[in-house]
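Asker: one predicted model, sequence on top.
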Amino acid sequence: MISQAALPQDAQQQLRIRRFMMSVAMYILAAVPQAVSLWNDISPGWVMLVWAVTAVSINLAFFLMFLFGLNLRLRDPSMTLIQMIAANTMVLATQLYAGEARGAYLVVLMIVMMFGCFKLHTRTLLMLSLGTIIAYALTLPLIRYIEGERFNLAVEMVLWCSFSAFLPCISVLGGSISGLRKKLVTSNAQLQQVLQQVTELATHDELTGAYNRRYLLEMLHHEKNRTDRGGPSFCVCLFDLDHFKQINDNYGHAVGDEVLKTFVGAVQPLLRTTDFFARYGGEEFLLFLPQTSLEMAQHCVRRIQDALAAAHFKGLPEGGKVTTSIGVAQYYLQESVESLIERADKALYRAKHHGRNRMEMAPFHRPILL
């Protein structure tokens, strides 16, 4: 047996292999009428032997192509049409010696056509049906030669006519199923895209791309509960862009929007994947730093200040800079989220009062959890 690790890890390739295994199961089931025919001396033993060797060889070749990714070089990586042609050819070859049991082999051909619903269009399936019907008609003289006097033309014509009538119908049905599957796949992809857009709108600020206030507060409450159960402490940093109203008044709201987006663009590359940076309101932004001490939060804020000093703000005069005042607060046990943000806001107010473009720490009234 081949281990799971040896199989392709690509999801699409794994799906193709699963479908291929379904076709292998069909070959195994197709061996049943042949075994019964052999048991009752309807067909010679060498026919089943040749069929078994051919089936194993062909399916082994298909499996190796899937295993080593050779199928990816083909126009249709699933090789659905190639597999169906191979199966039809084998059935048409073995039914030459089926005698009175020929009808059971023809049923297998109809089952093979249903595999087309995974990939093929109705037109392709109809073309394959037409080719199979013609190929079956061409085998009738060979059957007559093999069976000799046992050949019953009337019975064979009934079988051929029935086969010719039902096979196109099955092809149309398989093509319809294939079309419905493709529409379903497309609809699911569109639904996923819409859900992603809705999620984006529900959790992010439309202008800056940062998280929105509601989502950040939700994350803060989760972290508070985790910290109260014994987890590490965390910090919040409240930012307010200095003199932002003057930027809007002097250069227009479009420039103000660019300043906000540039500020977010300068901050986000400096954050960890576990950090949350949100637009708290207007020109205010809240940075939530999980599992962070006050000293670590100060270091993070200094890096943000350095990045902001080096940033270029579109729409402002050459060399124009934007600064920010910051209030930093560390959570202590059993404190409410509202109280934590209020302490950061008071620290922010002190930073503005003491000249702006600076950082102030919120005082602690209770022991903190380190």
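Answerer: Yep, that arrived. Numbering: from 1, shown residues only.

Asker: give me the low-pLDDT residue ranges for this structure?
Answerer: For the chain, the stretches with pLDDT under 70 are 1-7, 364-370.

Asker: and with 50 instead?
Answerer: Where the chain drops to pLDDT under 50, the residues are 368-370.

Asker: okay, now the domains of it?
Answerer: For the chain, the structural domains run 4-197, 213-361, going by automatic domain parsing.

Asker: of those domains, flag the one that's most buried.
Answerer: Across these, averaging neighbours per residue (mean count of other C-beta atoms under 10 Å) puts domain 213-361 on top, at a mean of 17. Every C-beta, even on glycine, is put in place using the N, C-alpha and C of the backbone.

Asker: circling back: so which of the domains of the chain gets nearest Thr203?
Answerer: For Thr203, the closest of these is domain 213-361, at 4.2 Å, according to C-beta to C-beta.

Asker: which helices and strands sit right next to the host helix or strand of Gly131?
Answerer: In this assignment (DSSP states H and E), Gly131 forms part of helix 122-147. Applying 3 or more C-beta pairs under 8 Å, 6 or more residues apart in numbering; DSSP states H and E, we find helix 122-147 packed against helix 80-94, helix 102-114, helix 153-203.

Asker: thinking again about what came up before, could you dump the domains of the chain into TSV with distance to His204 added?
Answerer: Output for the domains of the chain, formatted as TSV (distance: least, C-beta to C-beta, whole Å):
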stretch	distance to His204
domain 4-197	10
domain 213-361	8
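
Asker: nearest to Asp205, out of these?
Answerer: Evaluated with C-beta to C-beta, these place domain 213-361 nearest to Asp205, the distance being 4.2 Å.

Asker: what is the end-to-end distance of that closest one?
Answerer: For domain 213-361, the first-to-last residue distance is 22 Å (C-alpha to C-alpha, to the nearest Å).

Asker: re the thing from before, distance to Ala362 added to the helices and strands packed on helix 122-147, as CSV?
Answerer: Listed next are the helices and strands packed on helix 122-147 as CSV, based on distance: least, C-beta to C-beta, whole Å:
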stretch, distance to Ala362
helix 80-94, 65
helix 102-114, 69
helix 153-203, 27
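
Asker: which of those helices sits closest to Phe62?
Answerer: helix 80-94 (6.4 Å).

Asker: list the helices and strands the closest one packs on?
Answerer: Using 3+ C-beta pairs under 8 Å, 6+ apart: helix 80-94 touches helix 11-39, helix 45-67, helix 102-114, helix 122-147.

Asker: ok, back up a step: and the domains of the chain: which comes nearest Leu207?
Answerer: Evaluated over those, closeness to Leu207 peaks at domain 213-361, with 6.0 Å, by C-beta to C-beta.

Asker: how far does that closest one sit from its chain's centre?
Answerer: 34 Å (C-alpha atoms, centre = their mean, to the nearest Å).

Asker: look up how far Phe276 lies from Glu258.
Answerer: Distance of Glu258 to Phe276, computed by C-beta to C-beta, to the nearest Å: 23 Å.

Asker: Asp345 contacts Gly327, doesn't it?
Answerer: Yes. Counting by C-beta atoms under 8 Å, Gly327 is a contact partner of Asp345 at 6.1 Å.

Asker: any shared contact partners between these two?
Answerer: Residues touching both Asp345 and Gly327 (C-beta atoms under 8 Å, 6 or more residues apart in numbering) are Leu238.

Asker: residues contacting Tyr215?
Answerer: Residues counted as contacts of Tyr215 (C-beta under 8 Å, 6+ apart) are 202-204, 276, 278.

Asker: hmm, try it at 6 Å
Answerer: Thr203 (C-beta atoms under 6 Å, 6 or more residues apart in numbering).

Asker: Lys224 now?
Answerer: Val337 are the contacts of Lys224 under C-beta under 6 Å, 6+ apart.

Asker: kindly recompute the last result at 10 Å.
Answerer: Taking C-beta atoms under 10 Å, 6 or more residues apart in numbering, we find Lys224 in contact with 231, 234, 331, 333-337, 340.

Asker: likewise for Gly209?
Answerer: By C-beta under 10 Å, 6+ apart, Gly209 lies in contact with 200, 261, 264-265, 268, 277, 279.

Asker: partners of Phe277 in the sheet?
Answerer: Applying DSSP bridges to Phe277 gives these bridge partners: Leu287.

Asker: from Val155, how far off is it?
Answerer: From Phe277 to Val155 the distance is 80 Å (C-beta to C-beta).

Asker: same check on Gly69?
Answerer: Computed as C-beta to C-beta, the Gly69 to Val155 distance reads 48 Å.
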